[in-house]
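*Asks:* Below: sequence and its predicted model.
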Amino acid sequence: QKEVEQNSGPLSVPEGAIASLNCTYSDRGSQSFFWYRQYSGKSPELIMSIYSNGDKEDGRFTAQINKASQYVSLLIRDSQPSDSATYLCAVIDRYSTLTFGKGTMLLVSP
Amino acid sequence: GAVVSQHPSRVICKSGTSVKIECRSLDFQATTMFWYRQFPKKSLMLMATSNEGSKATYEQGVEKDKFLINHASLTLSTLTVTSAHPEDSSFYICSARSLAGRQETQYFGPGTRLLVL
């Protein structure tokens, strides 16, 4: 059973702080990794995709992969109340199956 | 990013009627699309994988005769909820697989909120 695990949260951070979201995956052969943001009542929106080991930065967001540890993270710098949402980690395994984690709720307080 | 549309965004119907939801990839071709259902405050649940030109693959527990999927072109997949009942009321979301530059990504449509009275 291929799994993607996330802490459901909520993760609460004050405005301006760094929010750190984490996810682990079970299939060592996984190739592609994604972070989606889902606001309440809306569909998921792709915010980061990363295909190789290491870091990828896009504005206030940094995604990190550690394939040896099978660990994916998303850092949000200078967190804003508008960042409050559920963040879904998703992984494509060696069989091209996309599996989502259950999501971590992030709450950024003003 | 790529754009996926869904129509309608919201539908209310009477119990026993059928409802068709369209999912379109607007700026790329998608040989594979996916249909999800999400209940309030719950996780996304994959219902089925829609493949252009072939039969859909349904997840365990999803009735294929109730949720009819057609993927007749590289940009359009439809989900028909047949003989809808109140328990089918949910948020239905499609996604489309993009293979631009050999890197696979899935983009979601905005979702369709179904209310069955």
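*Replies:* All right, it came through fine.

*Asks:* When you work out contacts or count neighbours from here on, use the C-alpha atoms and nothing else.
*Replies:* OK.

*Asks:* Around chain B, pick out the residues from chain A.
*Replies:* A:Ser32, A:Gly41, A:Lys42, A:Ser43, A:Pro44, A:Glu45, A:Leu46, A:Ser49, A:Tyr51, A:Lys102, A:Gly103 (CA under 8 Å from any CA of the partner chain).

*Asks:* and A:Tyr51, what pLDDT?
*Replies:* You'll see A:Tyr51 listed with a pLDDT of 87.

*Asks:* What of the one 4 residues further on?
*Replies:* A:Asp55 carries a pLDDT value of 89.

*Asks:* Now do the contacts for it.
*Replies:* A:Thr62, A:Ala63, A:Gln64, A:Ile65 (CA atoms under 8 Å, 6 or more residues apart in numbering or on different chains).

*Asks:* again, 10 Å this time
*Replies:* A:Thr62, A:Ala63, A:Gln64, A:Ile65, A:Asn66, A:Val72, A:Ser73, A:Leu74 (CA atoms under 10 Å, 6 or more residues apart in numbering or on different chains).

*Asks:* Same question for B:Ser95.
*Replies:* So B:Ser95 contacts A:43-44, B:3-6, B:23-25, B:30, B:32-36, B:49-50, B:77, B:105-111 (CA under 10 Å, 6+ apart).

*Asks:* Show me where chain B has its strands.
*Replies:* B:4-7, B:10-13, B:19-25, B:32-38, B:45-51, B:57-58, B:67-73, B:76-81, B:90-98, B:105-108, B:112-116 (DSSP state E).

*Asks:* counting contacts, what elements does the fifth one pack onto?
*Replies:* If contacts are counted by 3 or more CA pairs under 10 Å, 6 or more residues apart in numbering or on different chains; DSSP states H and E, strand B:45-51 sits against strand A:98-100, strand B:32-38, strand B:57-58, strand B:67-73, strand B:76-81, strand B:90-98.
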